[in-house]
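**Q** can you look at this prediction? I've put the sequence above it.
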Amino acid sequence: NAGVTQTPKFQVLKTGQSMTLQCAQDMNHNSMYWYRQDPGMGLRLIYYSASEGTTDKGEVPNGYNVSRLNKREFSLRLESAAPSQTSVYFCATIYRVSAGELFFGEGSRLTVL
Amino acid sequence: QKEVEQDPGPLSVPEGAIVSLNCTYSNSAFQYFMWYRQYSRKGPELLMYTYSSGNKEDGRFTAQVDKSSKYISLFIRDSQPSDSATYLCAMSGKTGNQFYFGTGTSLTVIP
């Protein structure tokens, strides 16, 4: 029972390169989220998917795209990476907001040179 | 003004001390209040969850919510070195799908 699995755990990119962060959950949760965490800024929501087939922008969506591939998987794509996107990215899931516990993955550390 | 404000610290206390962590918020629609603990290089994990106003106790941890003042607190009694982590407050409304996080308070408990 893995919970929330993020891949890759570490990645170094050059400016302008593209990459996709993958998130998969085995908890049958409806909602999935992508956050970025930067020193002094806390967790900031990039995109979320309330249910399969829907996605919505969060606080900092610029430079990112997402795909809710199915109920289990939610991917985050950087089309043209910039140094400002150097961060730790967390995927999180919840059955529904009123259910309380948001489950987080271990994080993906991205450095853009 | 940010939706949720949290003193970033850092906070350093001796083992056995009582720790008080606090957040304020501006949105009166928030109904669900959470505290997450995050160890270094790990994802946040839920520590306490409360609905609406009042207190909730779990072992050495007590969460308080004062909706009239838009103020939430987490108290840690008999703090241990294993409590050293970053503590994030979070909240959400009855409708909508988003959670709003504080910036986190870094706590170190010195043996």
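**A** Alright, I've got the coordinates. Not measured: the values here are computed from a predicted model.
**Q** mind listing the strands for chain A?
**A** For chain A, applying DSSP state E gives strands covering A:4-7, A:10-13, A:19-25, A:31-38, A:42-49, A:56-57, A:64-68, A:74-78, A:87-94, A:103-104, A:108-112.
**Q** just send those back as JSON lines, with distance to chain B, mean pLDDT and mean neighbour count too.
**A** C-beta coordinates here come from the backbone N, C-alpha and C atoms, glycine included. Formatted as JSON lines, the strands of chain A follow (distance: least, Cβ to the nearest Cβ, whole Å; pLDDT from 0 to 100; neighbours: other Cβ atoms under 10 Å in any protein chain shown):
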{"stretch": "strand A:4-7", "distance to chain B": "8", "mean pLDDT": "96", "mean neighbour count": "18"}
{"stretch": "strand A:10-13", "distance to chain B": "11", "mean pLDDT": "96", "mean neighbour count": "14"}
{"stretch": "strand A:19-25", "distance to chain B": "11", "mean pLDDT": "97", "mean neighbour count": "19"}
{"stretch": "strand A:31-38", "distance to chain B": "6", "mean pLDDT": "95", "mean neighbour count": "24"}
{"stretch": "strand A:42-49", "distance to chain B": "4", "mean pLDDT": "93", "mean neighbour count": "22"}
{"stretch": "strand A:56-57", "distance to chain B": "7", "mean pLDDT": "94", "mean neighbour count": "13"}
{"stretch": "strand A:64-68", "distance to chain B": "13", "mean pLDDT": "96", "mean neighbour count": "18"}
{"stretch": "strand A:74-78", "distance to chain B": "13", "mean pLDDT": "97", "mean neighbour count": "20"}
{"stretch": "strand A:87-94", "distance to chain B": "6", "mean pLDDT": "96", "mean neighbour count": "23"}
{"stretch": "strand A:103-104", "distance to chain B": "3", "mean pLDDT": "94", "mean neighbour count": "21"}
{"stretch": "strand A:108-112", "distance to chain B": "8", "mean pLDDT": "97", "mean neighbour count": "18"}
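**Q** distance to residue B:73 for those strands - can I get that in JSON lines?
**A** JSON lines is the format used below for the strands of chain A (distance: least, Cβ to Cβ, whole Å):
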{"stretch": "strand A:4-7", "distance to residue B:73": "28"}
{"stretch": "strand A:10-13", "distance to residue B:73": "36"}
{"stretch": "strand A:19-25", "distance to residue B:73": "31"}
{"stretch": "strand A:31-38", "distance to residue B:73": "23"}
{"stretch": "strand A:42-49", "distance to residue B:73": "18"}
{"stretch": "strand A:56-57", "distance to residue B:73": "31"}
{"stretch": "strand A:64-68", "distance to residue B:73": "34"}
{"stretch": "strand A:74-78", "distance to residue B:73": "33"}
{"stretch": "strand A:87-94", "distance to residue B:73": "24"}
{"stretch": "strand A:103-104", "distance to residue B:73": "23"}
{"stretch": "strand A:108-112", "distance to residue B:73": "32"}
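**Q** ok, now how distant is residue B:43 from residue B:23?
**A** 20 Å (Cβ to Cβ, to the nearest Å).
**Q** quick one: which of these two has more around it?
**A** residue B:23 (25 against 22; other Cβ atoms under 10 Å in any protein chain shown).
**Q** pretty sure the more buried one is in a strand, no?
**A** Yes - under DSSP: H, G, I helix; E, B strand; the rest coil, residue B:23 falls within a strand.
**Q** wait, what's in contact with the residue nearest the centre of chain A?
**A** In chain A, the centroid-proximal residue (Cα atoms, centre = their mean) is residue A:34; its distance is 2.8 Å. Shown in contact with residue A:34 (Cβ atoms under 8 Å, 6 or more residues apart in numbering or on different chains): A:21, A:23, A:45-48, A:58, A:64, A:66, A:74, A:76, A:89-91.
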